[in-house]
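J.: Whatever this is, show me its structure:
(one chain, ligands or ions: 2)
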Amino acid sequence: MGRFIIDGGHKLQGEVTISGAKNAVLPILAGTVLADGECVIGRVPKLRDVRVMKEVLETLGAKAKSEEDKLIVDTEGLNSCEIPEELMRKMRATVFLMGPLVGRFGEFKISQPGGCSIGTRPIDLHIKGLKALGVEFKQGHGYLEGKAEKLTGAEIHLDFPSVGATENIMMAAVLAEGKTVIYNSAREPEIVDLQNFLNQLGASVRGAGTDVIKIQGVKKLHPVDYQVIPDRIETGTFLVASAITKGDVLVKDVIPEHIEAVIAKLVEAGVKLNVDGDQIQVIGQDKWQGVNVKTLPYPGFATDMQSQFMTFLSIAEGASIVTETIFENRLKHADELRRMGADIKIEGNSAIVKGVKKLSGTTVEATDLRAGAALVLAGLIAEGETRVENIYHIDRGYEFLTDKLTNLGAKIRREEG
Ligand SMILES: CC(=O)N[C@H]1[C@@H](OP(=O)(O)OP(=O)(O)OC[C@H]2O[C@@H](n3ccc(=O)[nH]c3=O)[C@H](O)[C@@H]2O)O[C@H](CO)[C@@H](O)[C@@H]1O
Ligand SMILES: C=C(OP(=O)(O)O)C(=O)O
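T.: Ligands and ions are numbered 1, 2, ... in the order given. Modelled structure (predicted):
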């Protein structure tokens with residue numbers, strides 16, 4: 001399974017460059033199916049989820065090869081619309097293939113997607129949206145089939161601004177006949193990135209970044225070169241890593257507007273940050289205050305930063321309340337942080353965190369991707385050695401994590417087996 005072994009207590013210092021965004025590149029790679037030919041996607045992070053997406057595309061008949069930080073995907077030879085169950089189970093983002101496959105070929109066959117154990121994560125809103133465009137669904141033993149003779153634009157009201165449902169509907173609608181309007185759409189930066197990619201392919205999508213997205217269907221799309229946005233969650237994780245070790249780190253190649261909510265909370269807690277263009281300098285402080293955090297859809301505080309922030313608050317001065325409103329089971333890291341000496345009590349969907357003076361190293365388990373990141377952060381400041389088990393979760397979302405942290409002065413190594 002593999003583990004990280006961290007010797008805590010070292011200040012992080014220096015510069016770190018942020019990789020491409022996992023949550024932007026995955027729908028974009030799925031979206032390459034829409035264009036018949038070779039797309040060159042740039043700033044592709046080397047992550048487990050990206051490798052799975054590449055394997056899925058190859059299973060469908062596409063050719064995909066990596067060149068430095070590029071992934072070249074040729075979807076001309078695509079000859080299957082069925083994703084095998086063992087690949088579906090490997091990650092959540094396989095579900096993004098529904099929209100592109102039905103858009104280009106009028107059909108798909110998938111099974112329930114995998115992903116982090118942070119909640120039940122139904123796909124009813126994806127299905128509702130695709131149905132509105134004309135997709136007929138058939139559910140069998142462990143599979144879900146979708147077919148459409150023709151896709152027709154529709155007005156779709158999402159009950160919740162689901163990121164994945166918004167993306168799937170966008171990708172199905174670009175080749176539908178007529179106009180689609182998605183109301184209460186998700187506003188995350190990754191949606192804007194997908195809109196930009198689709199429009200370069202020749203689609204007509206407007207409004208991403210707001211809660212109404214309008215898509216005018218076109219007849220055909222063509223392949224392009226495209227570069228994905230930097231990862232705002234990796235950015236936030238390194239800001240916290242610097243702050244929590246009282247370090248002094250320049251975080252480079254970022255889009256600060258994408259993590260304003262995290263920056264605002266760090267500043268409220270007393271961390272000094274200098275934002276300058278696409279760089280953020282974190283100036284380490286000896287102490288910081290507890291603050292309350294509530295996760296919300298963008299532009300609110302991202303659920304994907306909640307765990308890492310909880311580690312930060314676990315050694316703040318005073319108490320904090322962390323409330324998780326997006327996923328119903330995303331506070332599991334609290335148990336592991338408690339093993340390291342944190343004082344955290346769970347009440348419903350909130351964690352009451354009372355700052356302690358120090359954490360101490362022990363063996364802890366990553367229960368999901370960001371919980372794993374939170375434990376790595378805890379390991380960086382803990383007294384003694386921390387062993388973070390099940391790091392395959394962390395490999396889903398952080399490129400070159402040990403190298404990046406080691407370059408900043410952390411003592412972290414990976415042990416396989
Ligand atoms: C690959 C990717 O981009 N993953 C991100 C995406 O996940 P994902 O797209 O799965 O997240 P959603 O925005 O869809 O989910 C948010 C909430 O809506 C619920 N829901 C969602 C769809 C649906 O059909 N029915 C339903 O009830 C979910 O269970 C969850 O409680 O956005 C999340 C919220 O910002 C992030 O944490 C994930 O990192
Ligand atoms: C929950 C996450 O990812 P996914 O939706 O791919 O499971 C995440 O990136 O924190």
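J.: mind listing the strands in the stretch 51-200 of the chain by residue range?
T.: For the stretch 51-200 of the chain, the strands defined by DSSP state E, counting those that start in this stretch occupy 63-67, 70-74, 107-110, 136-139, 144-147, 155-157, 179-183.
J.: Could I get the average pLDDT for the third one?
T.: To tie it back to what came earlier, the one meant is strand 107-110. For strand 107-110, mean pLDDT rounds to 94.
J.: and stretch 153-173, average pLDDT?
T.: Stretch 153-173 shows an average pLDDT of 98 in the prediction.
J.: near ligand 1 at all, it?
T.: Yes. With CB under 6 Å from any ligand atom as the criterion, ligand 1 is reached by stretch 153-173 at 160, 162-165. Every residue, glycine included, has its C-beta placed from N, CA and C.
J.: What's the PyMOL line that selects buried ones from these?
T.: In PyMOL syntax, the buried subset of the residues of stretch 153-173 next to ligand 1 is picked out as below (16 or more other CB atoms under 10 Å):
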select buried, resi 162+163+164+165
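J.: For the lowest-mean-pLDDT helix or strand in the chain, what is the distance to the chain centroid?
T.: Within the chain, no helix or strand scores below helix 85-88, which has a mean of 88 by mean pLDDT, DSSP states H and E. How far helix 85-88 lies from its chain's middle: 20 Å, per CA atoms, centre = their mean, to the nearest Å.
J.: Would you list the phi and psi of residue 32?
T.: With angles defined as degrees, to the nearest 10, residue 32 sits at phi -60, psi -20.
J.: sorry, back to before: JSON lines please, covering the strands of the stretch 51-200 of the chain and showing distance to residue 250 and mean neighbour count.
T.: Formatted as JSON lines, the strands of the stretch 51-200 of the chain follow (distance: least, CB to CB, whole Å; neighbours: other CB atoms under 10 Å):
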{"stretch": "strand 63-67", "distance to residue 250": "28", "mean neighbour count": "13"}
{"stretch": "strand 70-74", "distance to residue 250": "26", "mean neighbour count": "21"}
{"stretch": "strand 107-110", "distance to residue 250": "42", "mean neighbour count": "21"}
{"stretch": "strand 136-139", "distance to residue 250": "49", "mean neighbour count": "11"}
{"stretch": "strand 144-147", "distance to residue 250": "46", "mean neighbour count": "19"}
{"stretch": "strand 155-157", "distance to residue 250": "43", "mean neighbour count": "15"}
{"stretch": "strand 179-183", "distance to residue 250": "38", "mean neighbour count": "19"}
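J.: what's next to the least confident helix or strand of the chain, contact-wise?
T.: For helix 85-88, contacts defined as CB atoms under 8 Å, 6 or more residues apart in numbering pick out 52, 55-56, 59, 94, 110-114, 142-143.
J.: do stretch 396-410 as well
T.: With CB under 8 Å, 6+ apart as the criterion, stretch 396-410 contacts 4, 6, 10-14, 16, 19, 22, 45-49, 91, 116, 233-234, 237-238, 241-242, 245, 247, 249, 369-370, 373, 376, 380, 394, 412-414.
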